[in-house]
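>>> What follows is a predicted structure for the sequence shown.
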Amino acid sequence: MENESLIPVVVAGAAGKMGRETIKVIAQTEDMMLLGAVERDSQYLGQDAGEIAGCGALEVPILNDLQSVLVMATQQEIQGVMVDFTHPDSVYENTRSAIAYGVRPVVGTTGLSAEQIKDLTEFAEKASTGALIIPNFCIGVILMQQAALQAAKHFDCLEIIELHHNQKADAPSGTAIKTAQMLAEMGKTYNPPQVEETEKIPGARGCLADENIRIHSVRLPGFIAHQEMIFGAAGQIYTLRHDTTDRAAFMPGVLLSIRKVTQLKTLVYGLEKIL
Ligand SMILES: NC(=O)C1=CN([C@@H]2O[C@H](COP(=O)(O)OP(=O)(O)OC[C@H]3O[C@@H](n4cnc5c(N)ncnc54)[C@H](OP(=O)(O)O)[C@@H]3O)[C@@H](O)[C@H]2O)C=CC1
Ligand SMILES: O=C(O)C1=N[C@H](C(=O)O)C[C@H](O)C1
């Protein structure tokens, strides 16, 4: 393919676990090119993004100024896409900046509040810029969420347990929050109280998400990303579980999102809406 017809992609958080995986997969993808790589830690400044990702030199130096990379993206023939895998404390500003420059954000970073998502949705609408916020790029997770929606037609009681590596900054996970939101959209309130409960140690019962759904967050070395959903009713327990055993599992969803966001004019929240 000619360079001019490739989707130019900027990766923010280029030296992180997901940033490296994303750069590797873009390097192998015919209809995309890595245009820019941004990282906040100056130890990577000027280093080749491909070398850092472990896929060999791509001649794209890592920079630490997102704005200048976004400017570069605006100068391409095809509108650029920014993939963000940074940190909950940076993702809102990064996404707003990308939309302001007309560079379409594909946001994998979790930890955005409901107000921030609402604000970004309005901003993207005003700018007529496509944007995606995807709490989980893994198809298996979407299948688990769909199965949970089916189960919720028959079960009124459930709790969510999410388990992640201990480098994760935010809790509960974006996936668990989104799952609870999807269940809440069914118009039910779950887990009708049975007795008056007392938490002898605060937090014992996890956190309370939408429509009375409890989420319990486990952080341990050895995990990558896992979610269990336990439904209970008289005489039965129904359990759904998804395990991510390699970050490669997220990559088909990342590539799909990069392609889809170029066709959007508004912000869409959730991979299930673009499948
Ligand atoms: N949607 C999905 O399917 C998935 C989402 N995630 C989410 O993606 C995010 C990143 O995860 P992960 O890769 O594991 O985390 P890492 O900590 O491995 O990587 C994040 C990288 O981004 C850098 N960074 C932070 N802020 C900025 C900034 N403003 N500009 C540029 N770089 C920045 C960090 O630098 P430093 O180390 O100096 O802070 C770090 O190198 C998390 O929110 C995680 O929850 C993860 C997996 C899948
Ligand atoms: O931090 C992670 O690793 C992950 N974060 C996302 C989340 O918060 O749901 C997606 C996946 O679970 C991996």
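Cool, got the structure. This one's a predicted model, so the numbers in the text were calculated from it and none came from an experiment. Ligands and ions are numbered 1, 2, ... in the order given.
>>> Only C-alpha atoms from now on, for both contacts and neighbour counts.
Noted.
>>> For Asn191, grab the count of nearby residues.
16 (other Cα atoms under 10 Å).
>>> what's the helix or strand for it?
According to DSSP states H and E, Asn191 maps onto no helix or strand at all.
>>> Hmm, Ile213 and it touching each other?
Yes. When contacts are counted by Cα atoms under 8 Å, Asn191 is listed as touching Ile213 (7.1 Å).
>>> Make sure Glu228 is indeed in a strand.
Yes. Assigned with DSSP: H, G, I helix; E, B strand; the rest coil, Glu228 falls within a strand.
>>> can you count the residues close to it?
For Glu228, the neighbour count with other Cα under 10 Å is 19.
>>> who in this structure is up against ligand 1?
12-13, 15-19, 38-41, 85-88, 90, 108-110, 134-137, 250 (Cα under 6 Å from any ligand atom).
>>> ChimeraX command for the buried members of these?
Of the residues of the chain next to ligand 1, the buried ones can be selected in ChimeraX as follows, counting by 16 or more other Cα atoms under 10 Å:
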select :12,13,15,16,18,19,38,39,40,85,86,87,90,108,109,110,134,135,136,137,250
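>>> out of the residues of the chain next to ligand 1, which are inside strands?
Secondary structure defined by DSSP state E assigns Ala12, Val38 of the residues of the chain next to ligand 1 to strands.
>>> Ligand 2 next: which of the residues of the chain next to ligand 1 are close?
Filtering those for neighbours of ligand 2 using Cα under 6 Å from any ligand atom leaves Thr110, Pro135, Asn136.
>>> So which elements touch the helix or strand that Val71 is a member of?
Element membership for Val71, per DSSP H and E: helix 66-74. With contacts defined as 3 or more Cα pairs under 8 Å, 6 or more residues apart in numbering; DSSP states H and E, the packing partners of helix 66-74 are strand 7-12, strand 32-38, helix 91-100.
>>> quick one: the strands in the stretch 51-200 of the chain?
In the stretch 51-200 of the chain, the segments counted as strands under DSSP state E, counting those that start in this stretch are 62-63, 81-84, 104-107, 131-133, 157-164.
>>> Strand partners (parallel or antiparallel) of the shortest one?
This points to strand 62-63. Applying DSSP bridges, strand 62-63 is found paired with strand 32-38 (parallel).
>>> what's in contact with the strand it pairs with?
Contacts made with strand 32-38 from outside it, assessed by Cα atoms under 8 Å, 6 or more residues apart in numbering, are listed as 3, 6-14, 23, 26-27, 49, 60-66, 69, 73.
>>> again with stretch 69-81
4-10, 35-38, 63, 98, 101-106, 258, 261-262.
>>> And stretch 215-233, by the same measure?
Outside of stretch 215-233, the residues that reach it under the criterion Cα under 8 Å, 6+ apart are 148, 151, 155-166, 168, 171-173, 176, 205-209, 237-247.
>>> If any of those are buried, put those into a PyMOL selection.
Selecting in PyMOL just the buried members of the contacts of stretch 215-233, where the criterion is 16+ other Cα under 10 Å, is done with this command:
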select buried, resi 148+151+155+157+158+159+160+161+162+163+164+171+172+173+176+206+207+209+241+242+244
